[in-house]
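Engineer: sequence unknown, structure follows:
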């Protein structure tokens, strides 16, 4: 059982996490954060395996992962 | 549930000024993770340089010294000579290290100065607006090579880490990239190896990290990663260029 | 007190060692090579570090690194080398890193000549690097003063968290005189701002980077307020000014010549006195201005085409004439030719 939290205000919507997530858990949010970016958002959280790929490729340290 | 992956405590919890998708942030995090894991927060001194990474003295929660353009290895030398027991590293881009700071870097390696250079290479000047760097690829379009880098006029991409590796005082030189989870983990290992060698007082260490500059390359973050692997890495093959005291230099590892 | 016979360069270096300087970074250039050579011999004896850098630029930035840890640190150079150090001096001043920088002037501009001269007054006093900053500039005139002022320079640097420049010339650096050395310093100030080895302090940053202009403006205002306080360090010396009709203003080696000129002028009935600035920044404006009521004319003797004379003119305004006397490029002004020029004015 894993849980991923995204700090949406730090996110710049670069999409690297979305691309590198092997389970397609993430996508862009349809809303924007205070900086005007569409942050990454969990769309299929139940599919998350806790592989930490999102954390690894995120250039802005937006992810925290719980097990 | 327990937090298993969190932002390293050596990083201040503030937003970074980097453009979306710029991989500087990944490298910052890797350095911070290594400092955390080696429990060196109070023993580390970072030397910031001039370029896109010039504000990272605000990002790392460790002692920092902000150097003039290209002079970070000299500043690091001054710190290390007073405090030989501390971990002293510079964080330099390709403009800072390979153009204006060539002499300081080479002579730090020549002296076997017991410091680590973290060298972020994206083949362009980012902060000043995408000008040609010594690392820019042949025919690469930049704001100061608008028709593409003409090697007849402006020379070929500099082989900086190879030059540093050639010096006897350099004990470890590796080129890595941050383009996917595997290469990011590999880069972290290289940083850790360099830091461990430094703490064992082995000599000069450098980790060159190929990164992106989506904004000045005119590519989106994913295209930039692809371009880095297809073009930049072709010019600058990843791999270990020098390892441990006196081992042979393996330049141009395929 | 035991006297020792030392060169000016050696006195500077030993004065630094006795002041607790244990780190020296430099690059060879004539006529100051005896300073790094002395440190190369001396510092290993006191667990210090001498490092010959790859350039003056690297050396001054090593000073930035080492000074930022709180260590007492020094570099030295001569005119062309000092030009290269200006970038680092600007950064040191803004980041408020205390250090001592010795500038042994020679003939310039360009490669010039290696003989002693005084053409780098502006560079040292008016800020050779970019930006608004001020450094204390001390100008020794004897070998004794070379040791003493260097010794005191480290305390001034720490007191104000500011670079201090010793401005000498090739003649002073090469001459030998018997001197009494100061006692070895034992007590040093705490530096809670430094990247020191205290693990219980918050992290520190040594930086001259202030990307938000309002913050930079605040820093500049604070540095300027500090400069106002540093003006209290003004020092000068006088010789026979009490009854003087004419005053010669000279510093460093020129002041030595001026002393002989004063003596000979008095022998031929010209009441000449000497005012010798010891600090070139802060400049003794008030001391010079106070002489205006009694003095008919001022002379500025310097081994340049006229740099310090501008500060003499600032001091007295247009109330009295100020005449420049000097030789250039490493040629030493002679006592008789200096006296001739003064006599020409005095006798009308």
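Structural biologist: Ah, there it is. These figures come from a predicted structure and were not determined experimentally.

Engineer: end to end, how far does stretch B:155-167 reach?
Structural biologist: With Cα to Cα, to the nearest Å as the measure, stretch B:155-167 spans 23 Å from end to end.

Engineer: what does that stretch rub up against?
Structural biologist: B:94, B:97-98, B:102, B:105-106, B:109-110, B:112, B:117, B:119, B:123, B:134-138, B:170, B:173, B:175, B:204, B:206, B:208, B:235-236, B:241-242, B:249, B:251-252 (Cβ atoms under 8 Å, 6 or more residues apart in numbering or on different chains). (C-beta placed from N, C-alpha, C; glycine too.)

Engineer: Need the mean per-residue confidence for it.
Structural biologist: Stretch B:155-167 shows a mean pLDDT of 98 in the predicted model.

Engineer: Give me the neighbour count for residue B:162.
Structural biologist: By other Cβ atoms under 10 Å in any protein chain shown, the residues close to residue B:162 number 18.

Engineer: could you list every residue that touches whatever residue of the stretch 101-250 of chain C ends up closest to chain B?
Structural biologist: Evaluated by Cβ to the nearest Cβ, the stretch 101-250 of chain C has residue C:207 as its residue closest to chain B, separated by 3.7 Å. By Cβ under 8 Å, 6+ apart, the contact list for residue C:207 reads B:48, B:57, B:64-66, C:95.

Engineer: Sort out for me which of the residues you listed are in helices.
Structural biologist: Using DSSP state H, the subset of these located in helices is residue C:95.

Engineer: Can you add distance to residue C:60 and pLDDT and give the contacts of residue C:207 back as TSV?
Structural biologist: Putting the contacts of residue C:207 into TSV (distance: Cβ to Cβ, whole Å; pLDDT from 0 to 100) gives the following:
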residue	distance to residue C:60	pLDDT
B:48	18	98
B:57	20	97
B:64	19	98
B:65	14	98
B:66	15	98
C:95	12	98
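
Engineer: got the contact list for whichever residue of the stretch 51-200 of chain B sits closest to chain A?
Structural biologist: For the stretch 51-200 of chain B and chain A, the shortest gap (Cβ to the nearest Cβ) falls at residue B:181, measuring 4.4 Å. Residues counted as contacts of residue B:181 (Cβ under 8 Å, 6+ apart) are A:20, A:51-53, A:56-57.

Engineer: Turn the residues you listed into JSON lines, columns for pLDDT.
Structural biologist: Below are those laid out as JSON lines (pLDDT from 0 to 100):
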{"residue": "A:20", "pLDDT": "98"}
{"residue": "A:51", "pLDDT": "94"}
{"residue": "A:52", "pLDDT": "95"}
{"residue": "A:53", "pLDDT": "97"}
{"residue": "A:56", "pLDDT": "98"}
{"residue": "A:57", "pLDDT": "98"}
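
Engineer: show me what contacts the nearest residue to residue B:56 once chain neighbours are set aside?
Structural biologist: Closest residue to residue B:56 apart from its sequence neighbours, by Cβ to Cβ, 6 or more residues apart in numbering or on different chains: residue B:48 at 5.2 Å. Neighbouring residues of residue B:48 by Cβ under 8 Å, 6+ apart: B:54-57, B:64-67, B:72, B:91, C:207, C:209.

Engineer: Produce a ChimeraX select command limited to the buried residues of the contacts of residue C:207.
Structural biologist: With 16 or more other Cβ atoms under 10 Å in any protein chain shown as the burial test, the buried ones among those are selected in ChimeraX as follows:
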select /B:48,57,64,65,66 /C:95
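
Engineer: can you map out the helices along chain B?
Structural biologist: Assigned by DSSP H, the helices in chain B fall at B:24-37, B:72-82, B:94-95, B:102-110, B:151-154, B:160-166, B:181-199, B:214-217, B:221-227, B:233-235.

Engineer: Also compute the angle for the first one relative to helix B:181-199, please.
Structural biologist: Right, helix B:24-37. Using axes from the mean of the first three to the mean of the last three Cα atoms, to 10 degrees, the direction of helix B:24-37 lies 50 degrees away from that of helix B:181-199.

Engineer: can you list contacts of helix B:24-37?
Structural biologist: With Cβ under 8 Å, 6+ apart as the criterion, helix B:24-37 contacts A:56-61, B:7-11, B:16, B:18, B:41, B:44, B:46, B:52-53, B:56, B:59-60, B:62, B:87, B:89, B:91, B:118, B:120, B:178, B:184, B:187-188, B:191-192, B:195, B:209, B:211.

Engineer: give me the subset of the contacts of stretch B:155-167 touching chain C.
Structural biologist: By Cβ under 8 Å from any Cβ of the partner chain, the members of the contacts of stretch B:155-167 lying near chain C are residue B:106.

Engineer: Weed out the non-buried ones from the contacts of helix B:24-37.
Structural biologist: Buried among these by 16+ other Cβ under 10 Å: A:56-61, B:7-8, B:10-11, B:16, B:18, B:41, B:44, B:46, B:52-53, B:56, B:59-60, B:62, B:87, B:89, B:91, B:118, B:120, B:178, B:184, B:187-188, B:191-192, B:195, B:209, B:211.

Engineer: Reformat the contacts of residue B:181 as a markdown table; add secondary structure.
Structural biologist: Listed next are these as a markdown table, based on DSSP: H, G, I helix; E, B strand; the rest coil:
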| residue | secondary structure |
| --- | --- |
| A:20 | helix |
| A:51 | coil |
| A:52 | coil |
| A:53 | helix |
| A:56 | helix |
| A:57 | helix |
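
Engineer: Considering these, which is situated nearest to residue B:148?
Structural biologist: residue A:57 (30.4 Å; Cβ to Cβ).

Engineer: Residue B:184 is in contact with the closest one, correct?
Structural biologist: Yes - when contacts are counted by Cβ atoms under 8 Å, residue A:57 is listed as touching residue B:184 (6.6 Å).

Engineer: Identify all contacting residues around the helix or strand hosting residue C:222.
Structural biologist: Element membership of residue C:222, judged by DSSP states H and E, is helix C:213-230. With Cβ under 8 Å, 6+ apart as the contact definition, helix C:213-230 has outside contacts at C:93-94, C:96, C:132-134, C:136, C:160, C:162, C:210, C:282.

Engineer: and the helix or strand following that helix, which strands flank it?
Structural biologist: On the C-terminal side of helix C:213-230, the closest following helix or strand by DSSP H and E is strand C:236-239. Taking DSSP bridges as the criterion, strand C:236-239 sits next to strand C:272-277 (antiparallel) in its sheet.

Engineer: now the next helix or strand after the strand it pairs with: mean pLDDT?
Structural biologist: The element immediately downstream of strand C:272-277 (helix or strand, assigned by DSSP H and E) is strand C:279-281. In this model, strand C:279-281 has a mean pLDDT of 98.

Engineer: returning to what we had before: for the helices of chain B, give me JSON lines that also has distance to residue C:189.
Structural biologist: Output for the helices of chain B, formatted as JSON lines (distance: least, Cβ to Cβ, whole Å):
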{"stretch": "helix B:24-37", "distance to residue C:189": "30"}
{"stretch": "helix B:72-82", "distance to residue C:189": "16"}
{"stretch": "helix B:94-95", "distance to residue C:189": "38"}
{"stretch": "helix B:102-110", "distance to residue C:189": "30"}
{"stretch": "helix B:151-154", "distance to residue C:189": "51"}
{"stretch": "helix B:160-166", "distance to residue C:189": "39"}
{"stretch": "helix B:181-199", "distance to residue C:189": "31"}
{"stretch": "helix B:214-217", "distance to residue C:189": "46"}
{"stretch": "helix B:221-227", "distance to residue C:189": "50"}
{"stretch": "helix B:233-235", "distance to residue C:189": "52"}
